[in-house]
Structures are given as C-alpha cells and as structure tokens.
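> Need coordinates for the following:
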Amino acid sequence: MKMIESSRRVLVCQNRTCRKQNSAKVLAAFQKLSPSEVEVVASSCLGQCGNGPMVLVLPEEVWYSGVCPEEVATITDKHLRGGKPVERMLYRKFHRLSK
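From the prediction side, this is the model:
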C-alpha cells in the first residue's frame, strides 16, 4: 500500500557538529539516491553529538553514525530498497551486532 511506503523517512542531522562532519553532503546524496517513496528530511539535532553525521531511518528506528557521502549508496541499495539494514554501519549505541 502506497500510504505505508510514503511514511518511510530518512532523517539526516544538520546541526552544528554533524554539519562540520559533512552532513550536508550526506543529505544531498540521500536526496539524489533515495527511492521516490522515501522522504529525505534535513533534521535538527538527533541528540547524538560527536558521532555524526547521524542518520535515522523511520519508522524502523534504524540509526547510522559517522555516515560518509560515499556510503549513502550502500544504505540506499541494501536498506531502503532491499529492506536489510547495513549492519557494519549501524550506530552501536542502539544496535548490537548479530552473531
């Protein structure tokens, strides 16, 4: 159902610390590469300063930290299109490695 798909969002922190870590380029990459049914949002602080650029995928509540613009294609292909979070890139504070 289209309504469910359109509720999917990618938040990319654009607060001071993340911006110093190239979050504007990360945001631009998501805007360019994400499927049309996924809304990409420039977010205010996500409360994880110093671990950025921070990316939060909703409604799944999947967090990525230290995202580089070059890594956005992997997140887009594997997670947003393929439905599987990129485990090696997950924010360890909220996600543990599976065994």
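> Now stretch 24-44: average pLDDT?
Averaged across stretch 24-44, pLDDT comes to 97.
> which residues are contacting it?
With contact meaning CB atoms under 8 Å, 6 or more residues apart in numbering, stretch 24-44 is reached by 2, 5-6, 8-15, 53, 55-56, 67-69, 72-73, 75-76, 80-81. All C-beta spots, glycine's among them, are computed from the backbone N, C-alpha and C.
> so Pro42, which of the three states?
You called it Pro, but residue 42 is Ala. Three-state call for Ala42 (DSSP: H, G, I helix; E, B strand; the rest coil): strand.
> What is the neighbour count of it?
Neighbours of Ala42 under the rule other CB atoms under 10 Å: 14.
> Relative to Arg96, how far out is it?
Between Ala42 and Arg96 the computed distance is 29 Å (CB to CB, to the nearest Å).
> now do Cys68
Cys68 is 22 Å from Arg96, by CB to CB.
> Comparing these two, which residue is more hemmed in?
Between Cys68 and Arg96, counted using other CB under 10 Å, the more crowded position is Cys68 (13 against 9).
> which residues does that one contact?
Cys68 neighbours (CB under 8 Å, 6+ apart): 22, 26, 53.
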